[in-house]
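# Model the structure of this input:
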Amino acid sequence: KYVALKKQIPLILVPTIVSSGAIIHGMFAKWSGSKIVGGTKDMPWVDADHVLVDYGVVHKAPYYLNTSGLGDVLCGYASLSEWRYKSKNGIGPAYDPDETKLVTQHHNKIVTQFPETFDSKGMLTDESIKFIMTAVQDRDSNRFRHSSAPGSDHTFWMAAEEVNKKGWIHGGFVALSAVIVAWHCDQNPETLIGWLDKCKVRFRPSEIAVSRIELQCALEF
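Below is the predicted model of the structure:
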């Protein structure tokens, strides 16, 4: 992406794992160490002309690296939790299901249809890989933005990486963040946990190598 941006030449992406939105996104984030600088409006974009997928290569990665791509989508549950929490407590406008209809339908589609792509042994297939990539792409067109739903899942992920000076698998950590937000807002975190388990997304601290001290530092920060 950097070379295509600097040289102003066509970009063709060939992802080796489908672990986050970066596999199709044109955004080129600005970093200073482990910290993202500025917002998306400050960042350049370089859209890919093509994204080519070699399923054989992608399947060589541990399955949980690929399913973490769905963690980067289902973490949107945090935004829904935030708005419902604020509405319940009289903070800002009332929760409007119509505004969140598309993202809710998208989540339900993932949870019900993705497991159907597994083989007889419960392993990912080529169809599973394609499903993940499509889900990430569809997430962008179905996303909603609202002042009462800031999306603290990604904010907490950035805070955790900044204070600990360490990086984690993105989809897994933002999924954990969404569970924390849902719990804090008292918005049925067990529902999200069930979704993540059904979609084989690793998000528990012990699964994604987040120590108790690292998690505590992130929460305090």
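
# spatially speaking, which residue is in the middle of the protein?
Asp72 (1.2 Å; Cα atoms, centre = their mean).

# three-state assignment of that one?
Following DSSP: H, G, I helix; E, B strand; the rest coil, Asp72 is assigned to helix.

# Beyond the lowest-mean-pLDDT helix or strand in the chain, next helix or strand please.
One helix or strand of the chain scores below all others by mean pLDDT, DSSP states H and E: strand 35-36, with a mean of 72. Using DSSP states H and E, the helix or strand that follows strand 35-36 towards the C-terminus is strand 50-51.

# What segments of the chain are helices?
In the chain, the helices defined using DSSP state H lie at 2-7, 55-59, 63-74, 77-88, 101-113, 126-142, 152-164, 170-184, 189-198, 212-220.

# Other residues contacting stretch 51-71?
12-21, 23-24, 110, 114, 123-124, 126, 128-130, 132-133, 135-136, 169-172, 174-175, 196, 199-203, 207 (Cβ atoms under 8 Å, 6 or more residues apart in numbering). (Each C-beta comes from the backbone N, C-alpha and C, glycine too.)

# give me that answer again for 6 Å
Identification of contacts with stretch 51-71 by Cβ atoms under 6 Å, 6 or more residues apart in numbering yields 13-14, 16-20, 24, 124, 126, 129, 132, 136, 169, 171-172, 175, 199-202.

# what about that stretch, distance to the chain center?
Taking the mean of its C-alpha atoms, stretch 51-71 sits 15 Å from the chain's own mean (Cα atoms, centre = their mean, to the nearest Å).

# Gly194 versus Val46, what's the distance?
Distance, Val46 to Gly194, by Cβ to Cβ, to the nearest Å: 38 Å.

# So for those two, which sits in the more crowded spot?
Applying other Cβ atoms under 10 Å to Val46 and Gly194 shows that Val46 carries more neighbours, namely 18 against 12.

# Confirm for me that that one is in contact with Leu5.
Yes - using Cβ atoms under 6 Å, Val46 makes contact with Leu5 at a distance of 4.4 Å.

# what touches both of those two?
Residues touching both Val46 and Leu5 (Cβ under 6 Å, 6+ apart): Phe28.

# got a list of what His154 touches?
Taking Cβ under 6 Å, 6+ apart, we find His154 in contact with Val174.
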